[in-house]
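S.K.: The amino acid sequence is not available; the structure is as follows:
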């Protein structure tokens, strides 16, 4: 599953804020951490805010805070805000089903998508944050955040 | 969790449970009607013969098998079943969890986590270090539960087909290997 830039930014922002719900961060804070565009992230935060996942905080120490239930929100919930998950393989530019080979290839690609979506639907924010902390404990170090860590081929 | 639910909907508070401590213990024959009712509530299918047969087989099995229940204040709130199996599908000895159920009214209170931890402790005492399970792809609640316990996709994939399709795909029975 190829994720658009807005989707990746949405995941970073929500997970960053959900990892400490008491904290307020500005778009610039989060953008700097992940090496991504502040302007683009601000638009993404607007989408997340309208979905009730984050809330704007006014004032000198303003910014955004996490506003949802991390045990209920899944990775797929966030991805669905930015990706058209209902579109078929053809709409994504996958092989045309109008040929026998295209039809068979689509069957396999749809199987992969179904598994990916089932996985993303099952991972809540709490589960992902717990995984992050477990991995930190295992390696005994905090992983330095790379620029846009989910970006492919960059 | 169905995706249609509100993302910010608060979780229900754990139901007020009678009694104090949760007690995890091996199942007894007298527990089976409640286990059957819990399973019926979860799956929509009542299968008493299956459960009584399973109970009998577990009691007589030489394999390390664990059928545990969670009881609180004299009320049975959940169950879990696990078994150590070796070498099927090329898998080294490991603990398999093949059923778990928690009273819907008592969910989000940590009962499933306690049952999971208890059966893992049984597996560990039986000498295995890996726990596996298999579940439907659309069983989001169960999948979320097992992932919340730290489980992730393992090295095995389940494959299936309709047998009629198998006959059509390979009419002469000459498939390889």
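M.R.: Perfect, thanks for sending it. Predicted, not measured: the structure shown is a model, and the values here were computed from it.
S.K.: in stretch B:111-118, what counts as buried?
M.R.: Within stretch B:111-118, the residues scored as buried using 16 or more other Cβ atoms under 10 Å in any protein chain shown are B:111-112, B:114-116, B:118. (C-beta placed from N, C-alpha, C; glycine too.)
S.K.: Please give the three-state secondary structure assignment for residue B:42.
M.R.: Per DSSP: H, G, I helix; E, B strand; the rest coil, the local secondary structure of residue B:42 is helix.
S.K.: what's the helix or strand for the closest residue to it other than its chain neighbours?
M.R.: Leaving out its chain neighbours, the residue that sits closest to residue B:42 by Cβ to Cβ, 6 or more residues apart in numbering or on different chains is residue B:101, at 5.4 Å. In the assignment (DSSP states H and E), residue B:101 maps to strand B:94-102.
S.K.: Which other helices and strands does that strand contact?
M.R.: Using 3 or more Cβ pairs under 8 Å, 6 or more residues apart in numbering or on different chains; DSSP states H and E as the contact criterion, the secondary-structure elements in contact with strand B:94-102 are helix B:32-43, strand B:75-85, helix B:111-125, strand B:131-133.
S.K.: buried set for stretch B:45-63?
M.R.: B:51, B:54-55, B:58.
S.K.: same question, stretch A:33-52
M.R.: Residues of stretch A:33-52 classed as buried by neighbour count (16+ other Cβ under 10 Å): A:34, A:36, A:41-42, A:44-45, A:47-48, A:51.
S.K.: who touches stretch B:93-105?
M.R.: The contact list for stretch B:93-105 (Cβ atoms under 8 Å, 6 or more residues apart in numbering or on different chains) reads B:15, B:35, B:38-39, B:41-42, B:70, B:76-87, B:111-112, B:115-116, B:119-120, B:122-123, B:126-134, B:142, B:145.
S.K.: Please state the offset of it from the chain centre?
M.R.: Here the centre of stretch B:93-105 is set off from its chain's centre by 2 Å, with Cα atoms, centre = their mean, to the nearest Å.
S.K.: what's the answer for stretch B:38-57, then?
M.R.: With Cα atoms, centre = their mean as the basis, the distance from the averaged C-alpha position of stretch B:38-57 to the chain average is 12 Å.
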